[in-house]
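structure, please.
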Amino acid sequence: MASWWGPTVGSVRESDLDVADVEQRAATGSLPPSDRIDEMVAAAHSRASSHREGVVADYIPILAEADPESFGVCVADVDGGLHEVGETRVPFSIQSISKAFVYALVCDALGHEKAFDVIGVNNTGLPFNSVVAIELNDGHPMNPMVNAGALATTALVPGDTADDKWETVLSGLSRFAGRELVVDENVYRSEAETNHRNRAIAQLLESYGRIHVDPFEVVDVYTRQCSLLVDARDLAVMGATLADGGVNPLTGERVVSAAVCRDLLAVLAATGLYERSGEWLYEIGLPGKSGVAGGLVTVAPGKVGIGTYAPPLDSAGNSVRGQVATAYLSRALGLNIFASSSHFSGGSSK
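Have a look, this model is predicted:
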């Protein structure tokens, strides 16, 4: 069986992302008109569809069954508008994208300082399932987007029992999506049978005193959260909820505080694309989070959430077509938070 982390796309570069010919619009407080957004989403989908790089994850057996041709792009704006092209309603397991939203729930419950101290915010520079990173940092999980940090986060979810914690996770992520989410039981069973490394990580964290509840119960809740079914539209809405200070743009419900959104988006900017996070921020300039089932959520604060689904991944576990489509939208819609232009009407100034 070929390993999904074998050589595919070597880095996140302008040339890999196919956007060298796309002008970067300056980041401002406004979006183009709705019909223009529709055009840009269609163009992003068309451009990314030609990319054949990447391989479908197979280290979890059921993930290998995904259709490599399935591809959808959705942009949800903070006013509740949806702009979608392709297979945006195809369900898939949320996988590691769940880490971001469970972290938001924990931050909302425990506060800024507690989350900072226990989980951390710094990139490890190592793969998401690294054990070495834990040992190198005296048992500290470092950040919530790698598996060690995600397990430490799930352990902190409010609830006296594992069932209570799970209900908190399920309810919270459903409120982010604006609809009731369900677990893909086939994915859950497949992952539960193969999550030996996560069990080892949880036990290692327990030995360092970083987890104070049953580590295997933590792994079970984490496995369930990763097995929740979403689609590209859901991811866009979840991202737009973060973009709008924690208020779901479709339901109008406040899910978490604006302060939590700020903290989470900072963490995603630094760590959301694993060891490629620096390259992602350099080229796309937005907080984002990927999952090995092929999902990718990206957030333009105050503007939109972008959700994509395309199963073939690069060697770091990030959707290839999702990255290409998002890079295009970041430039064409003026979303890059670092992009600006001179306010002098005459052009550049000394």
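
identify the bridge partners of the residue lying closest to Asn318 once chain neighbours are set aside.
Counting by CB to CB, 6 or more residues apart in numbering, Ser290 is the residue found nearest to Asn318 once chain neighbours are left out, at 4.3 Å. Heads up, the C-betas are built off the backbone N, CA and C, glycines and all. Counting by DSSP bridges, Ser290 is bridged to Leu296.

what sits against Ser290?
Contacts for Ser290 (CB atoms under 8 Å, 6 or more residues apart in numbering) come out as 96-97, 272-274, 296, 317-319, 322.

highest neighbour count among those residues?
Among the contacts of Ser290, the one with the most neighbours (other CB atoms under 10 Å) is Gly322, at 33 neighbours.

what are the boundaries of the strands in the stretch 201-350 of the chain?
In the stretch 201-350 of the chain, strands defined by DSSP state E, counting those that start in this stretch lie at 229-230, 288-290, 295-300, 304-309, listed in chain order.

for these, give me JSON lines that also has distance to His212 and mean pLDDT.
Below are the strands of the stretch 201-350 of the chain laid out as JSON lines (distance: least, CB to CB, whole Å; pLDDT from 0 to 100):
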{"stretch": "strand 229-230", "distance to His212": "30", "mean pLDDT": "98"}
{"stretch": "strand 288-290", "distance to His212": "26", "mean pLDDT": "95"}
{"stretch": "strand 295-300", "distance to His212": "30", "mean pLDDT": "98"}
{"stretch": "strand 304-309", "distance to His212": "34", "mean pLDDT": "98"}
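
ok, which of those strands comes nearest Ala200?
Closest to Ala200 of the strands of the stretch 201-350 of the chain is strand 288-290 (CB to CB; 23.1 Å).

so, low pLDDT: which residues of the stretch 1-150 of the chain?
1-12, 116-144 (pLDDT under 70).

what about the helices in it?
Assignment of helices within the stretch 1-150 of the chain using DSSP state H, counting those that start in this stretch yields the ranges 14-17, 34-49, 97-110, 112-118, 132-136, 147-155.

which of the ones you listed is buried the deepest?
Ranked by mean neighbour count, those are led by helix 147-155 with a mean of 28 (mean count of other CB atoms under 10 Å).

chain center to that helix: distance?
15 Å (CA atoms, centre = their mean, to the nearest Å).

if anything else comes up later, I'll come back, but that's it for now.
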